[in-house]
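Chemist: Here is my input; please provide its structure:
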Amino acid sequence: MLDIREISTIADYFIICTGNNPRQINAVGDAMDEVLGKDGLHLLHREGNPDSGWVLLDFGDIICHIFGPMERDYYQLERLWAAAPRLLYVE
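Modeler: Numbers count the residues shown, from 1 in each chain. Below you'll find the predicted structure:
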């Protein structure tokens, strides 16, 4: 989870994670929608699909990127947003 408040106006936080296959990518997206919804954040927009290896969930202040392993390695968002403080890292 990256804090992008000081370097971007598009959102406050990025959550970047990996699902090992399309089913897991979909399950992670559904779980994020459910958990954040309970906290009062509602899904505004969804991009991509699990079969493409990338799903983006836009909750306004929080944007979640869910990648397949190859797609995450290819796009390297943590490197692109290296100036953003890392708030949480779980391996």
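Chemist: rest of the way, CA atoms for contacts and neighbours
Modeler: Will do.
Chemist: Beyond the helix ranked longest in the chain, next helix or strand please.
Modeler: For the chain, the helix with the greatest residue count under DSSP state H is helix 22-38. Heading C-terminal from helix 22-38, the first helix or strand you meet, by DSSP states H and E, is strand 45-49.
Chemist: Next, the angle helix 22-38 makes with that following strand.
Modeler: Between the axis of strand 45-49 and that of helix 22-38 there is an angle of 170 degrees, by axes from the mean of the first three to the mean of the last three CA atoms, to 10 degrees.
Chemist: What is strand 45-49 packed up against?
Modeler: In terms of contact count using 3 or more CA pairs under 8 Å, 6 or more residues apart in numbering; DSSP states H and E, strand 45-49 is assigned the packing partners strand 54-58.
Chemist: Which strands or helices does the strand it packs on pack on?
Modeler: Looks like strand 54-58 contacts helix 22-38, strand 45-49, strand 62-67 (3+ CA pairs under 8 Å, 6+ apart).
Chemist: repeat that for 6 Å
Modeler: strand 45-49, strand 62-67 (3 or more CA pairs under 6 Å, 6 or more residues apart in numbering; DSSP states H and E).
Chemist: Out of those strands, which is closest to Lys38?
Modeler: Comparing these by their distance to Lys38 (CA to CA), the top pick is strand 62-67, with 14.3 Å.
Chemist: so what does that closest one touch, helix or strand wise?
Modeler: Applying 3+ CA pairs under 6 Å, 6+ apart, we find strand 62-67 packed against strand 13-18, strand 54-58.
Chemist: ok, 10 Å please
Modeler: Strand 62-67 makes packing contacts with strand 13-18, helix 22-38, strand 45-49, strand 54-58, helix 69-75 when contacts are defined by 3 or more CA pairs under 10 Å, 6 or more residues apart in numbering; DSSP states H and E.
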